[in-house]
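Peer 1: What shape does this take:
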Amino acid sequence: MYREMRRKKQILSNKETISVLEKCTSGVLAVLGDDGYPYTVPLSYVYEGKTNKIYFHSAKTGHKIDAIRKLDKVSFCVIEQDQIVPERFTTYYRSVIVFGRIQVIESGEEWQDAIHKLISRYSPNESSENIQKEIKTASQFCILEMSIEHMTGKEAIELVREKQEKS
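Peer 2: Coordinates of the predicted model:
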C-alpha cells in the first residue's frame, strides 16, 4: 500500500523515527483541499507513542477542517535537521513522514486528555491548576487525532556515513 523507500541506506530505524517525532515541536499536515488541490498547514503537535497517535489543536472551522471532514486520509511531515552545506551543494537533513487517518474530536474525555497533553508539552512548568483553567477556556478549539498507519524516517547519506564512522 505504501511505497518502499528507494534509498534504503538512508532509512532511519523505528527508534530514530520515533525520537524525531518526540523531539520536534512542529510539522506540516497535508490534506486534500478544495478542487483536488493539496492543502498543507504547519501545526504544533504531540506524539503519543502508547497509542501510536499524533494530536493537534485546531479551530473548529476552516479549510483544514472542511478537508478532513471530506477525506480523513492525511500525511504529516516533521523536519528535525535542515543544514545547508553550500560548498558541497547539498543539505544534511533528517525528517519523518507519517501517513494515517485523522478525526475531529470536539468534546469529551479524549478531547480533555489531548488538550492536557498539548498544554503539558508546550507549557511544561505550568501547574495542574493553571492547566485545568486553560482546558476549561479551550472549548472553542477542537482536537485532531491522527492514527498512524505508516511512518518513515530518512536522513542525508552524509549523516549515515558520519554515524558509521563513529561506530
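Peer 1: if we look at the helix or strand hosting Glu110, which residues are touching it?
Peer 2: In this structure, Glu110 sits in helix 109-122 according to DSSP states H and E. Around helix 109-122, the neighbours that count as contacts under C-beta atoms under 8 Å, 6 or more residues apart in numbering are 25, 44, 46, 48, 55, 57, 105, 126, 131, 134-135, 138, 141-143, 145. Where you see a C-beta, it was placed from the backbone N, CA and C, and this is true even at glycine.
Peer 1: Which of the residues you listed are buried? Put it as a ChimeraX command.
Peer 2: The following ChimeraX command selects only the buried members of these, with burial defined by 16 or more other C-beta atoms under 10 Å:
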select :46,48,55,57,105,135,138,141,142,143,145
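Peer 1: Among the contacts of helix 109-122, which lie within helices?
Peer 2: 131, 134-135 (DSSP state H).
Peer 1: Mind listing what's buried along the lowest-mean-pLDDT helix or strand in the chain?
Peer 2: Ranked by mean pLDDT, DSSP states H and E, the weakest helix or strand in the chain is helix 128-137, scoring a mean of 76. By 16+ other C-beta under 10 Å, the buried positions in helix 128-137 come out as Ile135.
Peer 1: What segments of the chain are strands?
Peer 2: 26-32, 38-44, 46-48, 53-59, 73-85, 90-105, 141-155 (DSSP state E).
Peer 1: Make TSV from the ones you listed and add mean pLDDT and distance to Lys15 to it.
Peer 2: Formatted as TSV, the entries for the strands of the chain read as follows, by pLDDT from 0 to 100; distance: least, C-beta to C-beta, whole Å:
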stretch	mean pLDDT	distance to Lys15
strand 26-32	98	19
strand 38-44	97	23
strand 46-48	96	13
strand 53-59	95	17
strand 73-85	95	14
strand 90-105	95	12
strand 141-155	95	10
